[in-house]
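> Next comes the sequence, and after it the predicted model I'd like to discuss.
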Amino acid sequence: MRMWVYVVRRLLLLIPVLIGVMTITFVLVSAIPASTRYISYCGPAPLHGGQAALNAYLAHCNKLLGLNQPIYTQWGIYLANTFTFQWGHVGNNTAAVSAVPHIQGQLVTTVLGWLLPYTLELALLSLVIILLVALPLGRLSAVYRNRPIDQVARVMSFSGFAIPSFLLGSLALIAMVLVIQHFNLAGCSGSFREVWGSWPAAGCMPGSTPRNNDYPAWLQGGIVSTPTGFPTIDAAIHGQWLIAADTLLRMIVPALIIAYGSIAVLLRFVRNSMLEVMNLDFIRTARAKGASEATVIKRHAGRNSLNVTITILGLTFAFFIGGFPIIEEVFQLNGVGRILALSAQQPYDFGLIFGTTILFTMIVVSANIIVDVVYAFLDPRVRLG
Amino acid sequence: MTSVPPPPPPATTGKKSGRRPSPRWAQYKRTWYFMRRNTLAMVGLGIILALVVFALYALTTPYAWTQMTQYCSYQPGTPNVGCEGTPGAVCIYSQGTVSPGPNCYVIPSSYPSFIPPTVTLIPFHPGPLPLGSFVSGQNSMTGYYFYNLYHGIVRGADWSLTLSVSIVGAGALIGLMVGAIAGSLGGAIDEVLMRLVDIMLSIPQLLFILIVVAVLSQLPIFGNSLSVHMTLLVLAFVAVWWPLYARIVRGQVLVTREQKFVEAARASGASRGRIIRKHIIPNSVYPVFVQMSLDVGAVPILIGGLVFLGFTQLFPSTYFPEWGTLAALSVNPGTLYGILDSTQLNVAVYIPWWMMLFPGMMLFLYAISVNFLSDGIRDALDPRLRR
């Protein structure tokens, strides 16, 4: 099958998957009592005016939320809105809004556009760390199988998997408080949470007031614009090198913890695929013709064990873009994962629940397609079909 | 690579009767022989056996989870507020006052609030005796709550092992069946099942579990019983867990069904059902075991993560004797940001390290031992890998 035919076919198959995901989410959310929706979107019920006022309030809310229509009409409108990118608004009085106030009443698409770059930067940084550690370590592990170096590497990487990230993250946060509480690069002042806990450094622009949990406070002074939305890149574009470095620096600890938790999976795959390849005939041929051991491991075995690694990396990255709810909560970073977790807390934020679900589905499904196509490029024996 | 001398051939001859053991038994013995030489696998097996014994011991302890849950609005100087009159009630009293009776525990008057301004930083407060003492956390709804960490960990062995094994076991079983059917039948059935798998894999799992548990547990027909609540929890986890297994098994089945021995079985007239049961499934389950070993240890950690995020409605009460929950409660935002803010005020900091260490240690031991054991089994079973 031609490559583009395959890609188009897979893209078309995305539609039923998306419809299925949205339907299941719709059913789940419809099971939540409607009264919680009124709390989230309609404001408090009237205290005075008796039954008449209450009825008027309910009628107003039902009309506002479209709940006065039959359920299948709601579902149809809902799917139509999904595919036309009308993903609704963030609520007025939800758990997500009380944690991240500046998103109140905004379009869900806008809010996701704000938050996604943060998560993407964190995901990229952690992925780089994972690659730098897992690839060489996995190869070493395979070459020195069941020797001390292999066992130490495996114990270390598995320990990252086995230590709860919320525990490790909290400990790291406490350690940072105790050890480097007065350390900040961009010359910002304020309490620990304002310096380390917000992202990028709140109040780092001269003249702006430090605000906790605020979307780019240093950009809101009206001085600069956000051409890309990525905090580090924006700072670099505006020549704010100290802020760029500071932003990067405050990403490093969360990224290290995320990487530590995920290295085990990749290392396992690298090690296993290396072991499989090392037993094959062409490795013996390479040794027989006198290639040095380093060449055999690096050029022959290493390169041929890469296919699986790339698959796993792609899927890991897709999973990462979905956000890191726990790490983002520990370090109070406003990324996609934190907003997803907050939106599912009472009072629910229905707009954000649907928005993050659509986003997550699209990312996962497209990552699968990309991985399949890349896999076919790398390994000519794989047929698409 | 330096050559390792080949192992002596495993003894397959029977000692007593002189009869050769059955091939299956010989296979087990050979596997055990190779596993015994793998240090990590043996360490893992030892830890798992110890944990199972611990869980069995937990079953015999008289403390039910309800007896350990106790909410007290703690005010220094007024012990036992809100704690009287309940069977198995937690009895606490402030430091410096007279013990109200037997089986009462001292709460240091300075814990978990912080000593007024000093310039000393005390990272590790010696605190009360770590195990068997009551530790507390802050809950914005009910003030302070107290639980016995030791009893929590003992009962937690029970709950953590049961929850993780039942979730992963049921998920793997469903995934195995769906994957085997989709892979070996192919066609429209395959397409439909795999789209279903895609859908379930694409839904944010966190969201799914939370909404299912939160919504269903509040329906009046389910009442408020513990068993119903835990069944819902397990079902919600299984619903997001099986698709991964289905995908793994299907991929493996697609490879296996092209192998020569399947062709041979078909040529010798085996029915389709027999081929699936006897040839395809047994040869496709290795990756399932590997994934299961990763997942079994991950379930309590995942539950702890959910509790950390504030989803305490997963369980019937905020405190629940489950290792992940205990670990999450030790670093709940109240405790964590209390610590962080107190450093800014330059006051003494008490870090309740025993609350973090002991549940964390249990989670760690459980996850890592399952991993090592399954790695050992995999290595021992795979003839290409044992050398």
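Received, thanks. Numbers count the residues shown, from 1 in each chain, chains lettered A, B, ... in the order given.
> in stretch B:208-223, what counts as buried?
For stretch B:208-223, the neighbour count (16 or more other C-beta atoms under 10 Å in any protein chain shown) marks B:208, B:209, B:210, B:211, B:212, B:213, B:214, B:215, B:216, B:217 as buried. C-beta coordinates here come from the backbone N, C-alpha and C atoms, glycine included.
> State the mean pLDDT of stretch B:202-222.
Stretch B:202-222 shows a mean pLDDT of 80.
> go on, stretch B:275-294?
Computed over stretch B:275-294, the mean pLDDT rounds to 82.
> Not counting its own residues, what contacts that stretch?
For stretch B:275-294, the external contacting residues (C-beta atoms under 8 Å, 6 or more residues apart in numbering or on different chains) are A:161, A:265, B:168-169, B:172, B:175-176, B:179-181, B:183-184, B:244-245, B:248-249, B:252-253, B:256-257, B:259, B:261-262, B:265-266, B:270, B:370-371, B:373-375, B:377-378, B:381-382.
> on that earlier part again, tell me which of the buried residues of stretch B:208-223 fall in helices.
The helices, defined by DSSP state H, take in B:208, B:209, B:210, B:211, B:212, B:213, B:214, B:215, B:216, B:217 from these.
> quick one: the residue nearest to the fifth one when sequence neighbours are not counted from residue A:317, how far?
The reference is to residue B:212. Nearest residue to residue B:212, sequence neighbours excluded (C-beta to C-beta, 6 or more residues apart in numbering or on different chains): residue B:236, at 4.1 Å. Per C-beta to C-beta, to the nearest Å, residue B:236 is found 27 Å from residue A:317.
> More neighbours: which of these two?
Taking neighbours as other C-beta atoms under 10 Å in any protein chain shown, residue B:236 and residue A:317 compare with residue B:236 leading, 22 against 19.
> That one in helix, strand or coil?
Of the three states, residue B:236 takes helix under DSSP: H, G, I helix; E, B strand; the rest coil.
> In contact with it: list those residues for me.
By C-beta under 8 Å, 6+ apart, residue B:236 lies in contact with B:208, B:209, B:212, B:213, B:216.
> Sketch out the low-pLDDT regions of the stretch 101-250 of chain A for me.
Scanning the stretch 101-250 of chain A for pLDDT under 70 picks out A:177-227, A:238-240, A:242-243, A:246.
> hey, where'd the helices end up in it?
Under the criterion DSSP state H, counting those that start in this stretch, the stretch 101-250 of chain A carries helices at the ranges A:108-143, A:148-162, A:165-180, A:192, A:231-237, A:241-278.
> now the residue positioned nearest the centre of chain A, nearest residue through space, not along the chain?
Central residue check for chain A by C-alpha atoms, centre = their mean: the C-alpha nearest the mean position is that of residue A:323, 2.1 Å away. Sequence neighbours aside, residue A:337 is the residue nearest to residue A:323 in space, at 2.3 Å (criterion: C-beta to C-beta, 6+ apart).
> isn't the one you found right up against residue A:119?
Yes. Using C-beta atoms under 8 Å, residue A:337 is in contact with residue A:119, at 6.4 Å.
> So residue A:77 belongs to a helix, correct?
Yes. Using three-state DSSP, the secondary structure at residue A:77 is a helix.
> Taking the stretch 51-200 of chain B, what residue is nearest to chain A?
For the stretch 51-200 of chain B, the residue closest to chain A is residue B:199, as judged by C-beta to the nearest C-beta, at 3.8 Å.
> I'd guess residue A:32 is in a strand, am I close?
No. Residue A:32: not assigned to a strand; according to three-state DSSP it is coil.
> and it, what does it touch?
Contacts of residue A:32 by C-beta under 8 Å, 6+ apart are A:348, B:211, B:214, B:215.
> measure it to residue A:94 for me?
Residue A:32 is 13 Å from residue A:94, where distance means C-beta to C-beta.
> list the residues that contact both of these two?
Overlap of the contact sets of residue A:32 and residue A:94 (by C-beta under 8 Å, 6+ apart) consists of residue A:348.
> ok, back up a step: spit out the residues that contact residue A:337 and residue A:119 alike.
Common neighbours of residue A:337 and residue A:119, using C-beta under 8 Å, 6+ apart, are A:323, A:324, A:328.
> thought the second one was touching residue A:258?
When you say that, I think you mean residue A:324. Yes. Using C-beta under 8 Å, residue A:324 makes contact with residue A:258 at a distance of 5.8 Å.
> neighbour count winner among the two?
residue A:324 (28 against 25).
> ok, that one - contacts?
For residue A:324, the contact set (C-beta under 8 Å, 6+ apart) comprises A:119, A:122, A:123, A:254, A:258, A:335, A:337.
> Of those residues - the most surrounded one?
Counting by other C-beta under 10 Å, top hit in the contacts of residue A:324: residue A:337 with 29 neighbours.
> now residue A:59, nearest residue through space, not along the chain?
Counting by C-beta to C-beta, 6+ apart, residue A:59 lies nearest to residue A:68, which is 7.7 Å off, once chain neighbours are set aside.
> can I assume the one you found sits in a helix?
No. Read with three-state DSSP, residue A:68 is coil and lies in no helix.
> count of residues packed around it?
For residue A:68, the neighbour count with other C-beta under 10 Å is 13.
> No more questions from me, cheers.
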